[in-house]
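K.L.:
how does the following fold in three dimensions:
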Amino acid sequence: MPRMLVVDDDPAWRALYRMGFESDFEVFEAVDGLDALATLDRVKPDVIVLDLRMPHLDGIGFLRQLDRRGIKVPVVVCSGTFTMESPPTIPGVFPAQKSPDMQGIWSALEAALPQGGGESEAGARPRRMVEATVWRD
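P.N.:
Below is the predicted model:
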């Protein structure tokens, strides 16, 4: 079963993600970017579902840390503010509209992971952080 790391400071969203994904993923949780960085070696996720606005280390800071460390895991970035007509484009990062029906997140997960789940080749894609890209959550 593929492993998913959910990074969100809101316990209600973490619970919703767990309920929505636990039948298809082994779900692990982190409360912010710092907690997620500390969890990565232990969990070794196949995909990360990431909120943008969090205390201590936000989603953009977390993505920068993944890039600096050379960690190549597909990341589904969830936000309620960017429009899906013009989502940000960063290789290895899959944007999804944050909504309780999770339809956009499932679509992003399907794009992020090859059929069969774990050990994603999508994770091998280079991730280039574009410093000028600004997302507001």
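
K.L.:
okay, which residue is most central for this protein?
P.N.:
Residue closest to the mean C-alpha point of the chain, counted by C-alpha atoms, centre = their mean, is Val49 at 2.7 Å.

K.L.:
mind listing the strands the helix or strand that that one is a member of pairs with, and their directions?
P.N.:
Assessed by DSSP states H and E, Val49 sits inside strand 47-51. Within its sheet, strand 47-51 is paired with strand 3-7 (parallel), strand 75-79 (parallel), according to DSSP bridges.

K.L.:
could these be laid out in JSON lines, adding distance to Phe28?
P.N.:
The way it works is simple: take the backbone N, C-alpha and C, and place the C-beta from them, glycine included. Below are those laid out as JSON lines (distance: least, C-beta to C-beta, whole Å):
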{"stretch": "strand 3-7", "distance to Phe28": "5"}
{"stretch": "strand 75-79", "distance to Phe28": "14"}
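
K.L.:
now the angle from the helix or strand of the chain with the lowest mean pLDDT to strand 47-51?
P.N.:
Ranked by mean pLDDT, DSSP states H and E, the weakest helix or strand in the chain is strand 93-97, scoring a mean of 74. Going by axes from the mean of the first three to the mean of the last three C-alpha atoms, to 10 degrees, strand 93-97 is angled at 50 degrees with respect to strand 47-51.
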